[in-house]
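Chemist: dropping a prediction and its sequence here:
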Amino acid sequence: MIESLRRWGGVFANMPVLAVIPRMGIPLASKTIHAFDRLQVDYLYFQNRDRYVWDKFLNKPYAVLAAENYFQSECIVWVDSDLLFVGEPEQLILSDEEDFVACASDKNIGTNGIDDTNAPYWQNACQVVGLEIGSLPWVITEREQERIRLYWNGGIFAYRRSTNFAQTYLDTCLCVYDSQVISCESGMYFHEQVSLGLAMLRGQLRWRSLNETHNYSFGSKTFEKWYCEEKLRTAKVLHYHDAMWDWFWDTFIDCLNKTHPDVADWAKTLGVMKNEAPIQWRAIKKLLDLVYKQQQSLYLKSCRIV
């Protein structure tokens, strides 16, 4: 992700980058540390001791808060690690009248009205953070072109640091988790992503929606239904999910050859993603995952499904 940013990020190519490691886990490989040095990446490690430390997605608001305290720049951009920059993401630049930008990629567990299956979950999430579901603005999803209540994909977003958004984001997430209400469709899987837009509204941030060129989803689960060669051709940021693992690699490279041949040539030099951690660290990670899974199970047993 970072190397692609340095190569094809345009005005963003030389921006400071911070990699955050917010909870206990296996150490960084020397290969990774050397890559950070080469790519001029700072990295920050701390142990999040939150009551929900077992949930990997809650690492995001903690990491955003850490970045907000680390940097002095006016704007901060969050990017998931499974992104590739294949062009200059100019829509991330905030105008003087904007505080926040993100992409309404697809409906997923969003809600399009009171009769929607997901409406009860959203009503609870809004209630526990002090919002009315009717106050959520309508947005049009990029994939389905469907009208839903505001719901962002959390893979990439930008905001003004002066808004102190990170603390509002974290507080909103914790309110949703503490409510112990989960979705009948997705469980607690999207708690953090649902909280992103709610936090933006709680902070009264002025917002703009990114179009799909800045968060083009590309992976094995959605390929047959959603893939469009022309949309990939115009994309600036790819959210590749599992596309660089061995089971989808050939399709991924074939599509890039047709749309972004320079990126395809570079990706071929990297090869298929694989876990290169020594066996002892893999064993430790499995043990940690087992502990976190048990803690998550206890949480889910205490929750109400809507």
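Modeler: The structure has been received and is ready for your questions.
Chemist: verify the stated contact: Y169 with V64.
Modeler: Yes - using CB atoms under 8 Å, Y169 is in contact with V64, at 6.2 Å. The way it works is simple: take the backbone N, C-alpha and C, and place the C-beta from them, glycine included.
Chemist: where are the low-confidence patches of this structure?
Modeler: Nowhere does the chain drop to pLDDT under 70.
Chemist: let's go with 80 and repeat that
Modeler: Applying pLDDT under 80 to the chain picks out residues 24.
Chemist: now the helices: where do they sit in it?
Modeler: 2-8, 30-38, 59-70, 119-128, 165-178, 191-202, 223-226, 229-234, 249-259, 261-270, 279-301 (DSSP state H).
Chemist: out of these, which is the most enclosed?
Modeler: helix 191-202 (a mean of 24; mean count of other CB atoms under 10 Å).
Chemist: from A277, how far out is the residue most central in space within the chain?
Modeler: Most central in the chain under CA atoms, centre = their mean is G155, positioned 2.6 Å from the mean C-alpha point. From G155 across to A277, the span is 24 Å (CB to CB, to the nearest Å).
Chemist: so which of the helices of the chain gets nearest N14?
Modeler: Among those, helix 2-8 comes nearest to N14, with 7.5 Å by CB to CB.
Chemist: send the alpha carbons of that closest one over as CSV?
Modeler: This file holds the C-alpha atoms of helix 2-8, laid out as CSV (Å, rounded to 0.1, in the frame of the first residue of the first chain):
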residue,chain,number,x,y,z
ILE,A,2,2.7,2.5,1.0
GLU,A,3,4.9,1.8,-1.9
SER,A,4,2.0,2.2,-4.3
LEU,A,5,1.3,5.6,-2.6
ARG,A,6,4.9,6.7,-3.1
ARG,A,7,4.8,5.6,-6.8
TRP,A,8,1.3,6.8,-8.0
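Chemist: show me what it is packed against.
Modeler: strand 17-21, strand 83-85, helix 261-270 (3 or more CB pairs under 8 Å, 6 or more residues apart in numbering; DSSP states H and E).
Chemist: so which of those gets nearest R38?
Modeler: strand 17-21 (12.1 Å).
Chemist: so the closest one versus helix 59-70, what angle?
Modeler: 130 degrees (axes from the mean of the first three to the mean of the last three CA atoms, to 10 degrees).
Chemist: listing partners with orientation, what would you give for strand 17-21?
Modeler: Strand 17-21 has its sheet partners listed here by DSSP bridges as strand 41-45 (parallel).
Chemist: may I have the strand it pairs with as PDB, with CA atoms only?
Modeler: Written as PDB, here are the backbone C-alpha positions of strand 41-45 (Å, rounded to 0.1, in the frame of the first residue of the first chain):
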ATOM      1  CA  VAL A  41       7.400   5.500   7.300                       C
ATOM      2  CA  ASP A  42       7.200   6.200  11.000                       C
ATOM      3  CA  TYR A  43       5.600   3.500  13.100                       C
ATOM      4  CA  LEU A  44       4.000   3.700  16.500                       C
ATOM      5  CA  TYR A  45       3.400   0.800  18.900                       C
END
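Chemist: report the buried residues of that strand.
Modeler: For strand 41-45, a neighbour-count test (16 or more other CB atoms under 10 Å) marks V41 as buried.
Chemist: now the angle from it to helix 30-38?
Modeler: Using the same axes, to 10 degrees: strand 41-45 against helix 30-38 is 130 degrees.
Chemist: list the contacts of strand 41-45.
Modeler: 2, 16-21, 28, 33, 35-36, 66, 70 (CB atoms under 8 Å, 6 or more residues apart in numbering).
Chemist: what's near enough to touch the residue nearest to W152 when sequence neighbours are not counted?
Modeler: Nearest non-adjacent residue to W152, counting by CB to CB, 6 or more residues apart in numbering: A102, 3.9 Å away. By CB under 8 Å, 6+ apart, the contact set of A102 is W152, N153, G154, I156, F157, A158, L196, G197, M200, W207, S209, L210.
Chemist: just E97 next, same as before
Modeler: R206 are the contacts of E97 under CB under 8 Å, 6+ apart.
Chemist: hmm, back to that, JSON lines for the helices and strands packed on helix 2-8, including distance to W8?
Modeler: Below are the helices and strands packed on helix 2-8 laid out as JSON lines (distance: least, CB to CB, whole Å):
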{"stretch": "strand 17-21", "distance to W8": "14"}
{"stretch": "strand 83-85", "distance to W8": "5"}
{"stretch": "helix 261-270", "distance to W8": "7"}
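Chemist: of all those, which lies closest to S217?
Modeler: strand 83-85 (10.4 Å).
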